[in-house]
Each structure stands twice: as structure tokens, then as C-alpha cells.
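[1] structure here, sequence nowhere to be found:
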């Protein structure tokens, strides 16, 4: 059972912003890249490296590394942009976020 509560914060730490962005990017882009690798294994031109399609088993093996690379780039750029934007917004007013707490007292 969970309980909804609003929390007002003055500012988020840069580490928290980067952690949230990294979880979102890596949790979505790497599985998508692996899916494209499965399509490349089937012969589709869904994985490219140096403007050349990579198909077959090499496409399947290259796709997770490409996904990690793209997710890392997005994390770096979006983390910086979000940190600056949230820092500027925190100069105007605090941010209110909604959190869901578990009522059970777990570790």
C-alpha cells in the first residue's frame, strides 16, 4: 500500500538529476537498440556504423554497445541542460514534486 505526498524542494542536486536521466536513458535506449539488433540479425538494415549497415550476428552483437554509447551521450547532454534549467528555475520558486511512499516500514 502506498501513500501520496507532495514535497517542496528548493533545489535538486546535480547527482540526482544525472541519476534520473541515466535511469531513463539506459532503461529505454539499450533495450531498443537490442531490439534493432534482433531485426539486424533477421537481415534488416536497422543497425549502422560509420554509415554502413551492420547485419547478421555482428549487428546483434554491436547493437548493445551502440545503445550504451547513445544513452551515455544523451545522459551527458540532457543532464547538463536539465541541471542548468532546474538551477535557473530554483532561483524563481521552489519545485513541488509528488512522491509515493510505502506505508510498510521496510529496510
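    Thanks, I have it. Predicted model only: the values in this text are computed from it and were never measured.

[2] residue ranges with poor pLDDT in the chain?
    For the chain, residues meeting the criterion pLDDT under 70 lie at 105-107.

[3] mind redoing it with 80?
    1-2, 103-107 (pLDDT under 80).

[4] would you map the helices across it?
    14-41, 57-92 (DSSP state H).

[5] packing partners of the longest one?
    This means helix 57-92. helix 14-41 (3 or more CB pairs under 8 Å, 6 or more residues apart in numbering; DSSP states H and E). The C-beta positions use only the backbone N, C-alpha and C, and glycine is treated the same way.

[6] flag every buried residue along the helix it packs on.
    Buried residues in helix 14-41, defined by neighbour count with 16 or more other CB atoms under 10 Å: 17-18, 21-22, 25-26, 29-30, 33, 36-37, 39-41.

[7] would you turn the helices of the chain into JSON lines with distance to residue 50?
    Conversion of the helices of the chain to JSON lines gives the following (distance: least, CB to CB, whole Å):
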{"stretch": "helix 14-41", "distance to residue 50": "15"}
{"stretch": "helix 57-92", "distance to residue 50": "11"}
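
[8] indicate which one of these is closest to residue 101.
    helix 14-41 (17.4 Å; CB to CB).

[9] output the contacting helices and strands for the closest one.
    Against helix 14-41 (3+ CB pairs under 8 Å, 6+ apart) you get helix 57-92.

[10] angle of the helix it packs on against helix 14-41?
    Computed by axes from the mean of the first three to the mean of the last three CA atoms, to 10 degrees, the angle separating helix 57-92 from helix 14-41 equals 150 degrees.

[11] just give me the residue right at the centre of this protein.
    residue 25 (1.7 Å; CA atoms, centre = their mean).

[12] in contact with the closest residue to that one other than its chain neighbours, which residues?
    Distance criterion CB to CB, 6 or more residues apart in numbering; nearest residue to residue 25, sequence neighbours excluded, is residue 71 at 4.2 Å. Neighbouring residues of residue 71 by CB atoms under 8 Å, 6 or more residues apart in numbering: 22, 25, 26, 29, 30.
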